[in-house]
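Peer 1: Next input, structure requested:
(one chain, ligands or ions: 1)
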Amino acid sequence: MEIPTPALVVDLDRFERNLQTFAEHCRTSGCAWRPHAKTHKCPEIARRQLAAGAIGISTATVAEAEAMVHAGLRGVLLTSPIVERGKIQRMLALARTPNAVLLAVGNDLQLDVLAEAAASSRQIVDVLLDLDIGDRRTGFLPGEAVLEAARRITRSEFLRLRGLQAYAGHASHVASFEKRAQVSQQAVGKAIQTKELLAKAGLDLAILSVASTGTYNIDSAIRGVTELQCGSFIFMDADYRRIGGKTGPVFTDFQPSLTLLTTVIHANYPDRVTVDAGIKAVSTCIQVKPECISHPGLSHQWTGDEFGIITAEGGIKLPRLGERLEFIVPHCDPTVNLYDCLYAVRGERVEDVWPVTARRGARGIV
Ligand SMILES: Cc1ncc(COP(=O)(O)O)c(C=O)c1O
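Peer 2: Residues are numbered from 1 along each chain as shown. Just a heads-up that it's a prediction; the model follows:
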């Protein structure tokens, strides 16, 4: 099968190695994992993560949670707080299936709407309290505010408090392992203190869900952390590669398994060729450039919606008309969100085509 370009390709050997590396790390560090599906939005991939030992799947949108539960997956955590009644009703519909979902609750309004909706449908809902441990994005501030929210949940007949979620997005891409470790340990430390505060008040919580790909081996070593919700490790991207790992300036714990495949469609000039991947083919949300892995030394610049310009450095030959190039994408999550499917490839063979099912919800509703 010839893959029509531009397309996203998953190298199955690398993908499976990333999965095994992560699973092995979790086994040896004694941490559970509930990997984030915001990276792939694809039940086929989530299924493989569960088969490799994940205890569930994290999701960022209601549409992602629906796609996962409808595909038969369980232990689906919605990590984003939601306050709209319609979305809460959709999550309650999923919660009718035993052990299907958990909701992160990050503010009083969500707590009010969820408690009322759960009571009126007489339905038990499992929740984690979302903490703001420095990201300043969502969640209760650690300390007394959390204790008050926890007490409200335990007073509610239909909400069951299972634990805490504490995501430190501000730590995930800090360059240099040592600096990243400092930022993440300080942030997750606030979650540990909050967990202890709740325990002293008689609320012993089973779950503390944390971590990004950048901090997976930092957070798993913190006593009290019970599960990791990293996502990007399965694909990797150019932005993550540059943060540096434990042993060097490139973060190589996981291999880039996702690439953008593009074709040279114009080659009339000595200094450049044109490919069929422009700004509609890759998310340009960050300043990092795509990294050419099929032809090292070539660089890609955006030139329009559908076109990219390829130039060569250091005497490297430009590719010919019709030739195909592969790039590591700058940021995997929003790039995957641009595509309806992923081509799963082993060597030269397309083994499967995986739909990016949760790219949009039913009738475009996220
Ligand atoms: C709440 C939450 N958890 C986990 C992750 C996974 O992070 P990463 O894809 O960097 O591993 C994200 C990513 O943005 C997130 O928002």
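Peer 1: who's in contact with Gly75?
Peer 2: 34, 55-57, 99-100, 102 (CB atoms under 8 Å, 6 or more residues apart in numbering). The C-beta positions use only the backbone N, C-alpha and C, and glycine is treated the same way.
Peer 1: Can you say which of the residues you listed are buried?
Peer 2: Using 16 or more other CB atoms under 10 Å as the burial test, these include 34, 55-57, 100, 102 as buried.
Peer 1: Mind picking the one among those that's closest to the ligand?
Peer 2: Taking CB to the nearest ligand atom as the measure, the ligand lies nearest Arg34 of these, at 9.3 Å.
Peer 1: Let me have stretch 242-249 in CSV, keeping just the CA atoms, if that works.
Peer 2: Only the C-alpha atoms of stretch 242-249 are listed here, as CSV (Å, rounded to 0.1, in the frame of the first residue of the first chain):
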residue,chain,number,x,y,z
ARG,A,242,15.9,18.9,23.1
ILE,A,243,15.2,19.0,26.9
GLY,A,244,18.1,16.6,27.6
GLY,A,245,18.0,13.3,29.4
LYS,A,246,19.8,11.8,32.4
THR,A,247,22.9,11.0,30.4
GLY,A,248,23.1,13.6,27.6
PRO,A,249,21.9,16.7,25.9
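Peer 1: That one: which residues count as buried?
Peer 2: 243-245.
Peer 1: a markdown table for those, including pLDDT, secondary structure and distance to Leu342?
Peer 2: Output for those, formatted as a markdown table (pLDDT from 0 to 100; DSSP: H, G, I helix; E, B strand; the rest coil; distance: CB to CB, whole Å):
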| residue | pLDDT | secondary structure | distance to Leu342 |
| --- | --- | --- | --- |
| Ile243 | 97 | coil | 24 |
| Gly244 | 95 | coil | 28 |
| Gly245 | 94 | coil | 26 |
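Peer 1: With respect to Pro319, which of the buried ones among the contacts of Gly75 is nearest?
Peer 2: Checking the buried ones among the contacts of Gly75 against Pro319 with CB to CB, the nearest one is Ile57 at 38.8 Å.
Peer 1: just checking, the closest one touches Leu50?
Peer 2: Yes - look at Ile57 against Leu50 with CB atoms under 8 Å: they come within range, at 7.2 Å.
Peer 1: so what sits against both of the two?
Peer 2: Leu73.
Peer 1: Sheet partners, orientation included, of the one helix or strand Gln301 maps to?
Peer 2: Per DSSP states H and E: Gln301 is located in strand 298-302. Using DSSP bridges, the strands paired with strand 298-302 are strand 308-312 (antiparallel).
Peer 1: contacting residues for Ile153?
Peer 2: With contact set as CB under 8 Å, 6+ apart, Ile153 has these partners: 105, 111, 115, 127, 129, 159-161.
Peer 1: rewinding a little: now the contacts of Gly75 in JSON lines, with secondary structure?
Peer 2: Shown next, in JSON lines, are the contacts of Gly75 (DSSP: H, G, I helix; E, B strand; the rest coil):
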{"residue": "Arg34", "secondary structure": "coil"}
{"residue": "Ile55", "secondary structure": "coil"}
{"residue": "Gly56", "secondary structure": "coil"}
{"residue": "Ile57", "secondary structure": "strand"}
{"residue": "Asn99", "secondary structure": "coil"}
{"residue": "Ala100", "secondary structure": "coil"}
{"residue": "Leu102", "secondary structure": "strand"}
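Peer 1: any idea which of these is least confident?
Peer 2: Among those, Asn99 has the lowest pLDDT, at 95.
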